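Peer 1: I would like the atomic coordinates for the input below:
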Amino acid sequence: MRGRAALLLGAAALAGCGGTSVHHRAAPARAVRLGGSPAQPPMRAPDLALRDQSGRLVRLSALRGKDVLLTFLYTGCVDVCPLIASTLSTAVRSLPSSERGGVRVLAVSVDPHGDTPAAVRKFIAERRLVPQFRFLTGTRPQLAPVWQSWNVLVEQRNLERVEHSAFIWLIDRRGMTRTAYRANVSALTVARDLRALSAADVRS
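Peer 2: Sure thing, here's the model as predicted:
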């Protein structure tokens, strides 16, 4: 376990294996009361650059100005991954339409072999996920550094099952990690936190 990750270790709900996260300190962010396990202090989120379901390159650092919900999923999962995806989609959908454009959901694949473009598009369509949802995929050499930078542990049990860290990060518009949620967080909690961050940005 790395010392800088210890303060948020309790927020990492696991789907079969462990996980923590490592971030870099940056300037203080505006104080907002949030659910989950808030970062004290907020840390600069490690960057990533991967292709989404449409083949577009998505770079986390290019999303400054938007609040980002980041998680790690795979399309063949039958339990926690669909729950997380639906929860985050519901949270964004519950926001006023004028605020949804200021949010992105990034789901990073933990199964480079199974998460084909067709499988990802089917996963999104079957769950009617919001347009703000981006399912990011790549080869193992492309994904592994992202898993490592976010301390996500991934273990391929067999062709159908991947054990992986299952948690959700809320990253603010300055690119700072603000809180971490367990996989069973409610859409109500996530939506409330998104609104709180948006209101704080308006006031600042």
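Peer 1: Next, name the residue at the spatial heart of this protein.
Peer 2: Leu70 (1.2 Å; CA atoms, centre = their mean).
Peer 1: how much distance is there from stretch 192-204 to the middle of the chain?
Peer 2: Taking CA atoms, centre = their mean, to the nearest Å, one finds the center of stretch 192-204 at 19 Å from the center of the full chain.
Peer 1: oh sorry, the question was meant for stretch 35-46
Peer 2: Taking CA atoms, centre = their mean, the mean C-alpha location of stretch 35-46 is offset from the chain mean by 13 Å.
Peer 1: just how off-centre is the longest helix along the chain within its chain?
Peer 2: Of all segments of type helix in the chain, defined using DSSP state H, the longest is helix 187-203. Relative to its parent chain, helix 187-203 has a centroid offset of 16 Å by CA atoms, centre = their mean.
Peer 1: which other residues reach it?
Peer 2: Helix 187-203 is contacted from outside by 30, 32-36, 67, 69, 87-88, 90-92, 94-95, 99, 102-103, 168, 170, 172-173, 178-179, 181, using CB atoms under 8 Å, 6 or more residues apart in numbering. Every C-beta, even on glycine, is put in place using the N, C-alpha and C of the backbone.
Peer 1: Drop anything exposed from those.
Peer 2: Buried by 16 or more other CB atoms under 10 Å: 32, 34-36, 67, 69, 87-88, 90-92, 95, 102-103, 168, 170, 172-173, 178-179, 181, out of the contacts of helix 187-203.
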